[in-house]
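Engineer: Mind folding the following:
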Amino acid sequence: MTYSENAPAASLRSGDGRQRTIGIVACSAEGAALCYRTICARAPALLGPHAHPEVALHGASLADYVVALEAGDLTGVGAIMLRSAEKLAAAGAEFLICPDNTIHAAMDHVRPRSPLPWLHIAEVVAAEARRRGVRRTALLGTRWLVDSAVYPEALAAEDIEFLRPEEDEKDEVARIIMDELVNDIQVPGSVTYLQGLIERLRDRGCDTVILGCTELPLVLSDKNSALPTLDSTRLLADAALRHAMG
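Structural biologist: As a prediction, the model looks like this:
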C-alpha cells in the first residue's frame, strides 16, 4: 500500500483522535524486526516526520515455538502466543499482530482466549490478493505453514486458487528459512534457488507468489522475482498502521 504524504493526519486517526497502540507478538527476530521497522518507516507519511503509533513488542524464545511445532502441538504454540498477548495487554497494546505466518496455524486456539483482538496475516494477504485481481497464487514458507490450512482457508474465502511447491522444494525452502534467514544469514546460492523456484511456479500457472514467511522479503521482492510478490511482512505492517489510525 502506498500512503499519500499529503493526507491529513487527523483524518487517519481513530474516531477519538487517538492512535491505537500496536502490540507485536514476535516469533523470529528477523521477521518481527522487519515488521516493526516497516511500521516506523511508513508512519511519518501519515503523521509527520519521525512520528509513528506507539508499539509494544514481546517475543518468547523461538526455540519454544520450534519445539511445539515439531511436536505438532498447536495448543502449545497458542499458549506461547497467549502469554505474549497477556504481557502486551498489560503494557498497553490495544490490538495484536504476529509477524510470523507459521504460528497462525494456532490462531483457532488463540483468538477465543485472547485479551485483545488480532489482525490475521493470511487474511490481510488474501484481501490484498483479491484487490489485485489474483487468480492463482504460489505459496512459499516453512513446511509447517505450506502444509497447514492457514492460507488455504484465507484464500478460499476470497475465491483465490493457490499452488504449493513440490515436496523436495518445500524441504529446501524450509531449510533456507530455518537454517539461514531466521539467523540473519543470506546465501546467494539460496536466493538463486528461490528465484528459480518462483520461475517454475510461474510456469505451473501462478500469477503471483505469496512470501508466506516474514523473512523471505529480506531476500525476495518484485525486483528479483519472476512473479509479482505478496509481501506478508509489509502488508501486515500496513494493515496495522491502518488499524492504529482507525
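Engineer: quick one, strands of this protein?
Structural biologist: 22-26, 55-59, 95-97, 136-140, 161-163, 208-211, 229-231 (DSSP state E).
Engineer: ok, residue 146 touching residue 122?
Structural biologist: No - with contact defined as C-beta atoms under 8 Å, residue 146 does not count as touching residue 122 (12.0 Å). C-beta coordinates here come from the backbone N, C-alpha and C atoms, glycine included.
Engineer: intersection of neighbour lists for those two?
Structural biologist: Each of residue 212 lies in contact with both residue 146 and residue 122 under the rule C-beta atoms under 8 Å, 6 or more residues apart in numbering.
Engineer: Roughly how far does residue 19 sit from residue 56?
Structural biologist: 13 Å (C-beta to C-beta, to the nearest Å).
Engineer: same deal with residue 112?
Structural biologist: For residue 112 relative to residue 56 (C-beta to C-beta), the value is 22 Å.
Engineer: neighbour-wise, which of these two wins?
Structural biologist: Set residue 112 next to residue 56 and count neighbours by other C-beta atoms under 10 Å: residue 56 wins out with 18 against 8.
Engineer: Sort out which residues of stretch 97-109 are buried, please.
Structural biologist: Neighbour-count burial for stretch 97-109 flags 97-107, 109 (criterion: 16 or more other C-beta atoms under 10 Å).
Engineer: Any chance of the residues you listed in TSV with distance to residue 228 as columns?
Structural biologist: Rendered in TSV, the data for these read as follows (distance: C-beta to C-beta, whole Å):
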residue	distance to residue 228
97	23
98	24
99	21
100	23
101	18
102	23
103	26
104	22
105	26
106	29
107	26
109	33
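Engineer: Widest-spaced pair of those residues?
Structural biologist: Greatest spatial distance in those: 99 and 109, 18.8 Å, computed using C-beta to C-beta.
Engineer: Would you mind giving the domain segments of the chain?
Structural biologist: 9-121+235-245, 122-231 (automatic domain parsing).
Engineer: Break down the chain into its helices, ranges please.
Structural biologist: All helices of the chain, identified by DSSP state H, fall at 29-42, 44-47, 62-70, 74-90, 107-110, 121-132, 143-146, 150-157, 167-175, 188-203, 232-245.
Engineer: okay, the ones you listed in JSON lines with distance to residue 209 and mean pLDDT next?
Structural biologist: As requested, these are exported to JSON lines (distance: least, C-beta to C-beta, whole Å; pLDDT from 0 to 100):
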{"stretch": "helix 29-42", "distance to residue 209": "17", "mean pLDDT": "97"}
{"stretch": "helix 44-47", "distance to residue 209": "27", "mean pLDDT": "92"}
{"stretch": "helix 62-70", "distance to residue 209": "23", "mean pLDDT": "98"}
{"stretch": "helix 74-90", "distance to residue 209": "25", "mean pLDDT": "98"}
{"stretch": "helix 107-110", "distance to residue 209": "23", "mean pLDDT": "97"}
{"stretch": "helix 121-132", "distance to residue 209": "11", "mean pLDDT": "98"}
{"stretch": "helix 143-146", "distance to residue 209": "12", "mean pLDDT": "98"}
{"stretch": "helix 150-157", "distance to residue 209": "12", "mean pLDDT": "98"}
{"stretch": "helix 167-175", "distance to residue 209": "11", "mean pLDDT": "98"}
{"stretch": "helix 188-203", "distance to residue 209": "5", "mean pLDDT": "98"}
{"stretch": "helix 232-245", "distance to residue 209": "11", "mean pLDDT": "97"}
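Engineer: Fine, thanks again, bye for now.
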